[in-house]
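Chemist: Build me a model:
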Amino acid sequence: MTTNNNIPKLRLWISYILQGIIVIMLLMGAFNNLLMTEMAVTGAKEMGYPEYSVHYLGIILLVSTLLYAIPKTAFIGAILLTGWLGGAVATHIIHGDPLYNMFFPIVFGIVVWTCLLLRHKKMCEVLLNR
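Modeler: Next up is the predicted model:
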């Protein structure tokens, strides 16, 4: 997907800044998992994930985030991140966590797609015409 030259520069900058914030935060989570930090391992165990899965979850999050950060693969990365964030929400629901624990994954998912919608005129047109 290529960006359209008719999109205002402010809109493009907003999308890049928001995407940068999301990418940085998700990369921090991926590296926490890859480095098997105490916080990542403890959190995963509390949610019912085995300790050995933390490393694999870090790899999946890293690949998805990198795909999202690269303009030509951002759409595929957004789909993968949506699945990742949906899994986070599902995990919180399964464990009966309070509603506010689901707030951040939902907001991150909205921002992931908002960045792409701000940047790609065709995606906006398709979404608004249906």
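Chemist: Quick check: which element contains the spatially most central residue of the chain?
Modeler: What sits nearest the mean C-alpha location of the chain, by Cα atoms, centre = their mean, is Leu81, with 4.1 Å. With secondary structure defined by DSSP states H and E, Leu81 is part of helix 74-94.
Chemist: for whatever helix or strand comes next after that helix, packing partners?
Modeler: Counting by DSSP H and E, the next helix or strand C-terminal to helix 74-94 is helix 103-119. Using 3 or more Cβ pairs under 8 Å, 6 or more residues apart in numbering; DSSP states H and E as the contact test, the elements touching helix 103-119 are helix 9-34, helix 74-94, helix 121-129. (C-beta placed from N, C-alpha, C; glycine too.)
Chemist: Please spell out which residues along helix 103-119 are buried.
Modeler: Residues Pro105, Phe108, Gly109, Val112, Trp113, Cys115, Leu116, Leu118, Arg119 are the ones in helix 103-119 that count as buried (16 or more other Cβ atoms under 10 Å).
Chemist: Now do it, average pLDDT.
Modeler: For helix 103-119, mean pLDDT rounds to 93.
Chemist: With just CA atoms, put that helix into PDB.
Modeler: Output of helix 103-119 as PDB, limited to C-alpha atoms (Å, rounded to 0.1, in the frame of the first residue of the first chain):
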ATOM      1  CA  PHE A 103      -8.500  -0.900  28.200                       C
ATOM      2  CA  PHE A 104      -4.900  -0.700  26.900                       C
ATOM      3  CA  PRO A 105      -5.100  -3.600  24.400                       C
ATOM      4  CA  ILE A 106      -8.300  -2.200  22.900                       C
ATOM      5  CA  VAL A 107      -6.900   1.300  22.700                       C
ATOM      6  CA  PHE A 108      -3.700   0.000  21.100                       C
ATOM      7  CA  GLY A 109      -5.700  -1.900  18.500                       C
ATOM      8  CA  ILE A 110      -7.700   1.200  17.700                       C
ATOM      9  CA  VAL A 111      -4.600   3.300  17.400                       C
ATOM     10  CA  VAL A 112      -2.900   0.600  15.200                       C
ATOM     11  CA  TRP A 113      -5.600   0.900  12.600                       C
ATOM     12  CA  THR A 114      -6.100   4.700  13.000                       C
ATOM     13  CA  CYS A 115      -2.500   5.200  11.900                       C
ATOM     14  CA  LEU A 116      -3.100   3.300   8.700                       C
ATOM     15  CA  LEU A 117      -6.400   5.000   8.100                       C
ATOM     16  CA  LEU A 118      -4.900   8.400   8.500                       C
ATOM     17  CA  ARG A 119      -2.200   7.600   6.000                       C
END
